[in-house]
Each structure stands twice: as structure tokens, then as C-alpha cells.
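Enquirer: okay, sequence plus prediction incoming.
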There are 2 protein chains.
Amino acid sequence: MFRSHNCGELRATHNNTEVTLAGWVQGVRDKGFMVYVDLRDRYGITQLYFDEEQTSKDLMEKAQKLGREFVIQVTGKVQERASKNPNIPTGNIEVLVSELTILNSSLVPPFTIEDTTDGGDDLRMKYRYLDIRRNPVKESLIFRHKVTQAVRNYLSSDGFIEVETPYLIKSTPEGARDFVVPSRMNEGQFYALPQSPQTFKQLLMVGGMDKYFQIVKCFRDEDLRADRQPEFTQIDCEMAFVEQEDILNTFEGLTRHLLKEINGVEVEKFPRMLYDDAMRLYGNDKPDIRFGMEFGELNEVAQHKDFNVFNSAELVVGIAVPGGNSYTRKEIDKLIDWVKRPQVGALGMVYCRCNDDGTYKSSVDKFYDQDDLAKWAEKTGAKAGDLILVLSGETNKTRAQLSALRMELAERLGLRKPDEFAPLWVMDFPLLEWDEDTERYHAMHHPFTSPKPGQLELLDTNPGNVKANAYDLVLNGNEIGGGSIRIHDKATQAIMLKHLGFSEDEARAQFGFLMDAFEYGAPPHGGIAFGLDRLVAILGGQETIRDFIAFPKNNSGRDVMIDAPAPIDDEQLEELSLKLNLKS
Amino acid sequence: MFRSHNCGELRATHNNTEVTLAGWVQGVRDKGFMVYVDLRDRYGITQLYFDEEQTSKDLMEKAQKLGREFVIQVTGKVQERASKNPNIPTGNIEVLVSELTILNSSLVPPFTIEDTTDGGDDLRMKYRYLDIRRNPVKESLIFRHKVTQAVRNYLSSDGFIEVETPYLIKSTPEGARDFVVPSRMNEGQFYALPQSPQTFKQLLMVGGMDKYFQIVKCFRDEDLRADRQPEFTQIDCEMAFVEQEDILNTFEGLTRHLLKEINGVEVEKFPRMLYDDAMRLYGNDKPDIRFGMEFGELNEVAQHKDFNVFNSAELVVGIAVPGGNSYTRKEIDKLIDWVKRPQVGALGMVYCRCNDDGTYKSSVDKFYDQDDLAKWAEKTGAKAGDLILVLSGETNKTRAQLSALRMELAERLGLRKPDEFAPLWVMDFPLLEWDEDTERYHAMHHPFTSPKPGQLELLDTNPGNVKANAYDLVLNGNEIGGGSIRIHDKATQAIMLKHLGFSEDEARAQFGFLMDAFEYGAPPHGGIAFGLDRLVAILGGQETIRDFIAFPKNNSGRDVMIDAPAPIDDEQLEELSLKLNLKS
């Protein structure tokens, strides 16, 4: 046995007990006649004590020479501390060491192993194994484990079966780019890594598995935006013999359970919002509803005056900034600059101060009188002391711009509280979305999502207006899950694929197995998938996912610690019947 | 709500309740004036009842037209059955149907959806989604779920943290062949899929994670033997600050828990056997100890007579077949033929009958008298009525041949009882094994396994004799887990890699990150990995893993259901900077 106790569990009740501990040297305070060593392991920190009067000279010297991050094993007696540390659970005791073994030495670490480290991101990633020793990272990984255990236990108790689906599957042209895996045994052929187990979970429903889940890695070869990973983890779920309502209730139950079990937060029944309303009220299909600042559409009250900017706009829309009338002119100008940044892209912004005395003062007083502005206030819900900010232009773009501004202001105003949780179902997503680049419709969710009852006919006449049995679960302005009721008959699936531009042959080649399966008694089914990385981060009160992933990749998809990807041997290429065809 | 109950839960206590069920038509018995339909879902089968007197004509006809595997929804009243079926839990009741909705029709399935199907393997795999509807497959998948849940809950309660390690890692030349994944963003470079998370779990130990586990997919691009899959699942575990004894106790605890929780079997402390003894007594490093038939080495008592076959052999070794004296001469000849098959490869076999009267009759009576043969009986533990079978030749080959014979005979004698569980630790494996093809030593376990204390020096003089801190957990003649205490210092790791034929540069390129990590305070650590597919199969009393995997691949690594792998577009190849370089 390497240790009798860990470094987090000794208390005053252990006084006079002989114990053996092992761990890392967090720090040494050498006062000449007394030496204090903080010994750290996964469970905590315990103070080790050596002094001239009770410790042999050899041992004293050995302790004095210990370096940071040395791995040691000590035996000694627990005793009360002279000066207690109320900040740590072991703060009342220390161990008077009688034996000390150095299990391994350490070079000086390239950054400090402290909650707040002096190491930059690149260094931390290169030495991730040292970074993981730091409390914030270690606790994030343990937190992730707790969340996944809670998910598994909840779903298992509810009759869900976790089924492993294959990782070596088939590449499909729909959706994001696949990672592919050349097959040596099947020359010239490739597997693909799954972007999600979508078709397999549907086949499990056809197979009668009824309630399936899986916590599973998925892969997307996309150009990486910040906080995206080429491999990510999904909580993938599917149910048969259900209607949308059953799925919403089941996974609302799961989410409520997590909030209670993990965060100790009780949440009421989740509100639901139509996609169209979310876009109208928040300019966003994943609105953060922890705070108000709903959009007020002003076309009715701001157009047909002499202000041409508004008159020519498809949409005029504003929000009220609570207490915003206290902003100086300079601060407002800075906000206007902010929305004009290329990342946001507005051409300008109109504002209107709501004075405490009930009067208004706007940047377009030339065109609007007090009555007009009062209507703006009414539409945006602005009260005395607020500031109304108004954007105008093409509907979708303007909504996106105002949404960005709303989130930025909420952040600045401290309205996005990490310990407050506001879940929301967004419902009735469009089935298809127009892609400017390829000039055709794409499945907004995926090609297996069913249209709302009776809307199949609309596909021919007005495809952009067809709504789907699709829903997203939004938490604090983040999409944490999304799903749909699936198509479960071959005819509808064929129509859908046709509208997505698949020829019959292509549909057959790509999804023949699924279409075949639909001919052998496919039950009605639907499901949802949660992004685990994001879910865990949000439950953990964080906005970025990286510290909830043990070994993340950087924005070029590289693991800088192990230095992957890397070239492979010519022999390996030869075996795979491949040749490099470098562009550069 | 699609259903008020499932097809497995109605009992006589539900009589007169109106219920709604949904599921698949297992079969229709049409007696003209009465129609019985067996309705099946994941949970069971419920009999539906229609009769002329109580059912409308339309409904009656609808029921008569139902085909096998149609998906239907019915509403009706639960009533007592006229003739009860004691074989199923719902056998006392039936549902008198008042409403019937056909949710989906079905083509006639290509094989029967029964416990014993008429479908051959290929057909079952092509239509795996139908195969999964069959009880044996469905129950195997549910069983697998129960085992993994039990594993996770046990390890979590014991303080283990499940940490996800990356799937896109770096190819290493050591061990089996990697599957590789070309990187689009890093031209000409490749990721590899992990053969195991070995280095990552060691880095987690360096990172202070202390007790790690993960149930994780692993990948090996090997020519597939029967019952091997290119992707397989491991229960991967690692602990820091432990000695071998701690690991054995911890995972013996896990295995004992599974046997109790899953199989209701209480097992005593697991016996332990040295690798050398396992080879000597069973000719095998994973002996099935549910039955005896231990090897008796006969060199001492069978050599130096006039029988040259034995005299010239490195090893003469026999086993006693219980009750084998009842075998006819013809049966014994068949056994001799069996060991001479190329798969076994013996040149011949000597036998000796142990007669009830205490005399012996051997096939080599010319060379051995009764006293000699009595010694054979003593060495092999043969009693009156048994049959001694003796092989001879080069030690390793002869042991392997006799081991194959021992397993075959035990199978025939019914000694390998699937509901009996005999776990065993096999300890002190050799560190290295000689590879005839490459004419060099390979790591028997992997390059990170530590040699037994004090044996490092032997690496130079007698590498084949160095024993490792390595252990396997064997259950009923199958290796279900294997692990080791790892090397945790850079110097030893460097020596080890040198002996495995890595130049310093190669070692640096491949394992530099691990060697670096060892310089920053690596703790002593070790672990184990269980093959989940095999473990689940054995706990389930089966010898083959395939039905415990939802979507397995065939012996050419193909998924015949989705038809993967498959060619990819030229465009995809181009993006990956690759060209095909076909040999044929």
C-alpha cells in the first residue's frame, strides 16, 4: 500500500494517528529550523512538518532539497497545527514526518501549478498533463464525470438502453465534411467516422429497441471556429412509439434532473417558444431568456415619416437597454461603433433616450416627435431611464445584428448570470434552409426530419415555409440539444431526399439500407441529441468547453501535446493503396 | 401518447381496463370467426383478440389482413384468456380490440423473427435491424447495457473518474497496425485511431487523476480472425500510487461484483498462478480451470527407455481423460486423427488405458511395463477407468497441442459449463517475446510495462527470461483483462525502447511527449484493460461476441448492412491531398 490516507481527508480526529501519504510537492517553506511542505494529490493538500528538534538532520536536509512537483511518499504522525488554515478542509492538522521517500523528481514545471497559472494557452496545451494537475481543470473533468454518470443513471432508470453503434461507417455527402478512414482490406475504399449515429439509432428503432441512448464521440472535419472541436461528444437518444410531446417531456425530465442533482437548482416547467417567435423577439433561434430586452418591431410606428433609412428598410427593430439613459454620448457612440464592426455589420444605429421626466430625446428628432417616440418606447417596453437602440435593414441580417448587440449589452450589464438557469424549448423549426452558395435548399436539421402534418404538399410550392417536427433545447442562450420526429416511411423519405437534390440512384446508394429498413415495419420514432461538451460547460457555469475536455485540439485540429496529426510511413501508405498528392 | 402500456406488462389484475398498445405483429391466427394476433414489442408479447360476436366486420377484416411485422396500434379491454399460456408473463390475459390503426406495413421479412430463426448469418447481418427484433439478440444487447452500467456504477462508487481520451491521435509503429485518418487541415499528415488509450491514461496519472477509467472503443487494422472485430470496446483503467496487489484487489472486486450482480454467483478469492506454471500445467496462458485435466510431464519416467520418439523429444507430456477408458479403439483413433489435423499439428499420440482392475494397456507396451505406466498415471493424476493421452516434441508446440486437445475433450465431456465461473489471475508474464518473422524481441504486453524489480539488468544478457509486472485476468479459459505496473521514469523507458529496436530519434518522435511527462513528477502507476465484448459474452454464457455487438462487421471488416467501406468522391480525395494507388 502506497498510502494509508489521501491528502484531502485528514482531520483533527486523526491526531496522533500514524499515516502514510503520497503526492506532489506543491511548495516548500524552509525556515531553517522548521520546514513546511504542502503535499498535493487529487483529493486535496496536506501540510507536512519537519523541525530541527523532532526530525533527524538527514531527513531535514532531504526535505529542504525537495523541489516543486517532486513525487514523494511520507510517513508520520498527525498533529494539530500551530497556525490553522480555515481555507482548506485539512487546515487544522499537519503531519510530523518521520520517513520520506522520493518516488520521482521533477524538472521545474514550465508554468505554475496554481488555480491561476502564469502559463499561456499554448504552453498549457503542450504540457496538458501538468495543466490537469491544476484545480480548475481537474475539477472540470471530475464535474464532467458526475454529469455523465447522472445522465446514464437517469436514462437507465427510465428504461433506456445504451447501445454502442459503430465508428467505422460510410461517408455521406449530406451535412458537414466527414473524416474518412482508408480500408486496407477493401482496396480503394474508405470508412467514415460518424458525424452522429443518426441512421443507426433509427435502425435500432426499426429493430424494436424502443428507448436508446448513447454517450458517444462524433466527428466533423470542419474549419474550426473558436471553441469547436473536430471530435466532440453527444448524448444521443431515440424513442419509438412516441409523439413530440413524449420526447419533450422525457428530456425536460432529464435536464431538470441534472439541474437539481448537479446544480441544486429547481426549475419550473420549461417554457416553449415557436422558432418564428424566437426570431422575432430575440433575432436568434437560441435566445438567452435569463433577461428581457425583447425586440420591439417598429415598422408600423417608425416608417412613413420622412426618415428614408427606415422607410426603405424591410425591418426596423429596437431594444430597450435598462438604465441606458445614463450612458454618455461618448458611450453611445462607442456602441454605434461596436455594431458597425465587420463581425456585426450594421450600417448605423439610431438611439432614443427615455428621460426620467417622461420625455424622449432621440438621434432622429428631426423626423420623430414625442408621440412617435412614445410609441417606440411602448413597442420596446422601454421605461423612464432606459435607452432605446434601433437597427434597420434586411430582416434576417438586422435581427442577427440586434441579437448580437442584445447579448453584448447583457454581458456588460451582468445580466448573464452563470448560476441562473433558464431553459427553453424552441419549436417548429423550418424543415429546409436556403443555401446561398449552392443555390439550393438544405435540410436545416437533417434529411430524416419529418415535416409537420399536412405540410408535405407545401414542399413543391413553398419549400422555405414548411415547418418541421423539430425542436431545440436552449439553455442560457446556448443550444444544448436538438432533435425531431423522424420520417418513418419510405415514400416520404424519398420525397424529402428528392427535394434535397438527391437523384434516385444517389439516394439508393447513400441511404438504401435505411429506405429498405422502412419497408419492414418501421415504427413512428423520434429523438434528440445533446452536445455534452457544451452542456457540461454551461452546467459548470462556463462559456468555453475546453477545460471540460481532457486533451482538446487547437484551432488547426492539432494535438500539440502528442504532435498529431503527423506524417506516416511510405509503407503504411503503400499498404493502404494511397499516394500523397500534395498541393504545395 | 402512443400507448398506455407496453406489451410485456399486462396481467390479470388489469382485467376490464381499457388499454392502448403498439408494436409489431408477431403472428396472426385466423380461425374465421375468431382472430388472434400476437403483438410484440421490446418488453414482451400480448395476445390481441377479435371475434365475430364482439368485433365489427370492418375491424375483423382489418385484423385478418394483418401481415407479419406490420406495426399497429390497438385499443381495447383486457380480459381473461380462455386458454392460458403459462410460458409468457402475459399469458393469462388478452386484449379484446375495439380500435386498430396500422402505423406501418411490412414486406415479408427475409427470415423469421423467432428465437431460432431460419436466416443464415449473411442474411441476418444484412438485415441486422430485423435480427435485433429477435429475442436472443435483443436480450444480448440489453444484457450488455446492464453489465456496462454495473461497471460504471461500481467504479464510480470506488472513486474512479471516467475521462474521455481523444480518438484522433498519432500513429505508432509498435503493436498492431493502426487505422489512420488523413487530415485535411494539415496537408500530408494523418491521425491514427487509438488501439487503446494507453499513453493518455498514463498521462492522466502524471496529471494527478489518480483513479481513471473509460469504457471506450479501440481500433486495430488486423487481418480478422473469426470473432475479432476491427473496432472493439475496452474497459480501460489506471491507478496511481499503487502496487500490483492494489490493482489485483480492486479489479478482482469489480469482477466479483459483476458475477454477483449480473449472474448471481458468489466467487471466492480468485486463485493466482504464475505464467510459467500456467504454461507447464495447462500449456496455455489462459487456462480454463473449471475442470482438472492438468498436464503431467513425463520426461523423467518416459525417457531413456527404448522409445525413440520420446527419447528425442524436448517434452513428453500427458493428460488423463476422466472415464476415457470407455473409449473404443476407433474413438481413440479418431482423437489421434484430431490432433494430427494441421490446425493442431501433432505428429502422433500415445495412449494408455487405465483398466478398472488397476492394470494398464498402452499403445507402446513394447517399451513400457506396468510399473512405468503406473508412473504415467501418477504424474497425470489418472485413476482406474481413465485414459492417458501423451504428446511429445518441442516444448512450446507440444504444450499448445495438448492444450487444444484438453479443451476439445472438456468441451465434448461437457466440462465447460457456461453457468460456472472460474476466474484466475495469471501473473509474472515475460516482458518480451521473440518474433520469428522480424527476428527481434517485441513487448509481450506493450512497451510501457515495467520489468520485475531487479530484472532490468537481465535485459542485456537474457532478455527472454525477464519477467514483467504484468497480469491477466482469465475467466473460463478466456483472457478477459490484462494489465501491468508501468514504467514511470524516463531512464527505464529509454532502456526499454532501445531493447525494442527504437533508435533514440524514433523513440523521441513517437513517445517524446510521454518521456517528457516522466520528467515532471510521474507517480508510480499501473492499470488494466478488460475486453468488454468478450467479458459480456462470457458473463452471458456465450463463446462468441457477435450478438453482443449491435452492428458487427464481417471477417473482411465490412458492414454488409450499410455496405461500408465504400469508394469516396474524387473531390474528397483531392481535398485530402490523396490519390489512389491501386495494386490491382
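Expert: Noted; the coordinates are in hand.

Enquirer: can you give me the mean pLDDT across the helix or strand hosting A:Y212?
Expert: Using DSSP states H and E, A:Y212 maps to strand A:211-219. Mean pLDDT, strand A:211-219: 98.

Enquirer: stretch A:303-313 too?
Expert: Stretch A:303-313 comes out at a mean pLDDT of 95.

Enquirer: just stretch A:255-264 next, same as before
Expert: Computed over stretch A:255-264, the mean pLDDT rounds to 97.

Enquirer: that's a helix at A:K417, yeah?
Expert: No: counting by DSSP: H, G, I helix; E, B strand; the rest coil, one finds A:K417 to be coil, located in no helix.

Enquirer: not counting residues beside it along the chain, what's closest to it?
Expert: A:R290 (6.5 Å; Cβ to Cβ, 6 or more residues apart in numbering or on different chains). The C-beta positions use only the backbone N, C-alpha and C, and glycine is treated the same way.

Enquirer: cool, and A:G159?
Expert: The shortest distance from A:G159 to any non-neighbouring residue, by Cβ to Cβ, 6+ apart, is to A:K211 (5.2 Å).

Enquirer: just give the number of residues close to A:G385.
Expert: Neighbourhood size, A:G385 [other Cβ atoms under 10 Å in any protein chain shown]: 16.

Enquirer: buried residues in the strand holding A:Y212?
Expert: Neighbour counts using 16 or more other Cβ atoms under 10 Å in any protein chain shown place A:K211, A:Y212, A:F213, A:Q214, A:I215, A:V216, A:K217, A:C218, A:F219 of strand A:211-219 among the buried residues.

Enquirer: the residue nearest to A:G159 against A:V163, yeah?
Expert: No: the criterion here is Cβ atoms under 8 Å, and A:K211 misses it with A:V163 at 10.2 Å.

Enquirer: just to revisit the earlier point, so after the strand holding A:Y212, what's the next helix or strand?
Expert: Past strand A:211-219, the next helix or strand by DSSP H and E is strand A:231-240.

Enquirer: packing partners for that next one?
Expert: helix A:198-206, strand A:211-219, helix A:244-263, strand A:525-531, helix A:532-539 (3 or more Cβ pairs under 8 Å, 6 or more residues apart in numbering or on different chains; DSSP states H and E).

Enquirer: mind putting the ones you listed into TSV with distance to B:T20?
Expert: Below are those laid out as TSV (distance: least, Cβ to Cβ, whole Å):
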stretch	distance to B:T20
helix A:198-206	19
strand A:211-219	18
helix A:244-263	13
strand A:525-531	17
helix A:532-539	34
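
Enquirer: so which bits of the stretch 351-500 of chain A are right by chain B?
Expert: Contact residues, the stretch 351-500 of chain A versus chain B (Cβ under 8 Å from any Cβ of the partner chain): A:H488, A:D489.

Enquirer: can you pull out the strands in the stretch 351-500 of chain A?
Expert: Listed from the start of the chain, the stretch 351-500 of chain A has strands (DSSP state E, counting those that start in this stretch) covering A:360-362, A:387-393, A:423-427, A:432-435, A:440-443, A:470-475, A:478-485.

Enquirer: now render those strands as JSON lines, adding distance to B:L259, mean pLDDT and mean neighbour count.
Expert: What follows is these, written out as JSON lines (distance: least, Cβ to Cβ, whole Å; pLDDT from 0 to 100; neighbours: other Cβ atoms under 10 Å in any protein chain shown):
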{"stretch": "strand A:360-362", "distance to B:L259": "77", "mean pLDDT": "97", "mean neighbour count": "18"}
{"stretch": "strand A:387-393", "distance to B:L259": "67", "mean pLDDT": "98", "mean neighbour count": "25"}
{"stretch": "strand A:423-427", "distance to B:L259": "42", "mean pLDDT": "98", "mean neighbour count": "21"}
{"stretch": "strand A:432-435", "distance to B:L259": "53", "mean pLDDT": "88", "mean neighbour count": "15"}
{"stretch": "strand A:440-443", "distance to B:L259": "48", "mean pLDDT": "86", "mean neighbour count": "18"}
{"stretch": "strand A:470-475", "distance to B:L259": "40", "mean pLDDT": "97", "mean neighbour count": "25"}
{"stretch": "strand A:478-485", "distance to B:L259": "37", "mean pLDDT": "96", "mean neighbour count": "22"}
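
Enquirer: show me what contacts the residue nearest to A:G159?
Expert: By Cβ atoms under 8 Å, 6 or more residues apart in numbering or on different chains, A:K211 lies in contact with A:D158, A:G159, A:F160, A:I161, A:E238, A:M239, A:A240, B:R42.

Enquirer: distance to B:A22 added to the strands of the stretch 351-500 of chain A, as TSV?
Expert: Formatted as TSV, these follow (distance: least, Cβ to Cβ, whole Å):
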stretch	distance to B:A22
strand A:360-362	61
strand A:387-393	50
strand A:423-427	24
strand A:432-435	30
strand A:440-443	28
strand A:470-475	22
strand A:478-485	15
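
Enquirer: about what we covered before: would you mind getting the angle between the strand holding A:Y212 and helix A:532-539?
Expert: Counting by axes from the mean of the first three to the mean of the last three Cα atoms, to 10 degrees, strand A:211-219 lies at 100 degrees to helix A:532-539.

Enquirer: what are the buried residues along stretch A:75-86?
Expert: Judged by neighbour count (16+ other Cβ under 10 Å), stretch A:75-86 contains these buried residues: A:T75, A:G76, A:K77, A:V78, A:Q79.

Enquirer: which one of those residues sits closest to A:V309?
Expert: Checking these against A:V309 with Cβ to Cβ, the nearest one is A:V78 at 75.3 Å.

Enquirer: burial of the residue nearest to that closest one when sequence neighbours are not counted, as a residue count?
Expert: Of all residues not flanking A:V78 in the chain, A:H14 sits nearest, at 4.3 Å (Cβ to Cβ, 6+ apart). Counted with other Cβ under 10 Å, residues neighbouring A:H14 total 19.

Enquirer: for A:H14, what are its contacts?
Expert: When contacts are counted by Cβ under 8 Å, 6+ apart, A:H14 touches A:H5, A:V78, A:I93.

Enquirer: among the residues you listed, which ones are in strands?
Expert: Of the positions in the contacts of A:H14, A:V78, A:I93 sit in strands, assigned by DSSP state E.

Enquirer: looking at the contacts of A:H14, which one is closest to chain B?
Expert: In terms of Cβ to the nearest Cβ, no member of those lies closer to chain B than A:H5, at 11.4 Å.

Enquirer: now do that closest one against A:Q26, distance only.
Expert: 17 Å (Cβ to Cβ, to the nearest Å).

Enquirer: repeat that for A:A522.
Expert: As for A:A522, its distance to A:Q26 is 59 Å (criterion: Cβ to Cβ).

Enquirer: and these two? which has more neighbours close in?
Expert: Set side by side, A:A522 and A:Q26 show more neighbours around A:A522, with 28 against 19, by other Cβ under 10 Å.

Enquirer: the more buried one against B:S105, yeah?
Expert: No: applying Cβ under 8 Å as the test, A:A522 and B:S105 come out as separate, 10.0 Å apart.

Enquirer: who touches both of these two?
Expert: Contact criterion Cβ under 8 Å, 6+ apart; residues shared by A:A522 and B:S105: B:V71.

Enquirer: still on that earlier bit, quick one: which of the buried residues of strand A:211-219 is nearest to chain B?
Expert: Nearest to chain B among these is A:K217, at 5.4 Å by Cβ to the nearest Cβ.

Enquirer: I figured the closest one hits A:F232, correct?
Expert: Yes: with contacts counted by Cβ under 8 Å, A:K217 reaches A:F232, the gap being 7.3 Å.

Enquirer: tell me the contacts of A:P173?
Expert: By Cβ under 8 Å, 6+ apart, the residues touching A:P173 are A:E506, A:Q510, B:D569.

Enquirer: pretty sure A:R124 is touching A:I113, no?
Expert: No: using Cβ under 8 Å, A:R124 is not in contact with A:I113; the gap is 10.9 Å.
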